[in-house]
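*Asks:* Need the 3D shape of this:
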Amino acid sequence: MIIIWTWLLKNTKISGITLYPFIFLRNPELRRNRTLLNHEKIHLRQQLELFIVFFYLWYVLEYFYWYMRLRNGHRAYQSISFEREAYSYEHDFNYLRRRKLWGFWKFVGKTSA
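*Replies:* Okay, the predicted model is just below:
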């Protein structure tokens, strides 16, 4: 379900965020951004695979791991395996049809360059 929540995202660079089962968008125009929606739908699948709670736990732990290694919040975010998978396939609108279980696994332990 897509929810427009300008208040939540107004003072950030974030266009959208997925908190299962919702995709929150900064403004109504973003509903037409197929790439962004595909990116967020990849996160929905990841969250389901890890029973939601484990996804968030893993996400936060991986962020702190990368932050401690890279000392840069943006690079740490970009290095999270879930984000790397979503960014890698956000333009592939058929990816979710052929995605294998735990598709993010091939990105674990790799930095964003």
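
*Asks:* Endpoints of stretch 84-95, how far apart?
*Replies:* 14 Å (Cα to Cα, to the nearest Å).

*Asks:* Pull out the buried residues from the lengthiest helix in the chain.
*Replies:* Determined from DSSP state H, the single longest helix within the chain is helix 53-70. By neighbour count on 16 or more other Cβ atoms under 10 Å, the buried set for helix 53-70 is 55, 58-59, 62-63, 66-67, 70. Where C-beta positions appear, they are placed from N, C-alpha and C, glycine not excepted.

*Asks:* Check stretch 82-94 too.
*Replies:* Neighbour-count burial for stretch 82-94, counted by 16+ other Cβ under 10 Å, picks out 82-90.

*Asks:* How about stretch 19-35?
*Replies:* Neighbour-count burial for stretch 19-35 flags 20, 23-26, 30 (criterion: 16+ other Cβ under 10 Å).

*Asks:* Need the residues that contact that stretch.
*Replies:* 1-6, 8-10, 12, 14-18, 36-37, 40-41, 44, 47-48, 52, 55, 90-91, 93 (Cβ atoms under 8 Å, 6 or more residues apart in numbering).

*Asks:* at 6 Å instead, please
*Replies:* Contacts with stretch 19-35, where a contact means Cβ atoms under 6 Å, 6 or more residues apart in numbering, come from 1-5, 9, 15-17, 36, 40, 47, 52, 90-91.

*Asks:* By neighbours, which of those wins?
*Replies:* In terms of neighbours by other Cβ atoms under 10 Å, the contacts of stretch 19-35 top out with Glu40 at 22 neighbours.

*Asks:* who touches that one in this structure?
*Replies:* Contacts for Glu40 were tallied using Cβ under 6 Å, 6+ apart; they are 16, 18, 23.
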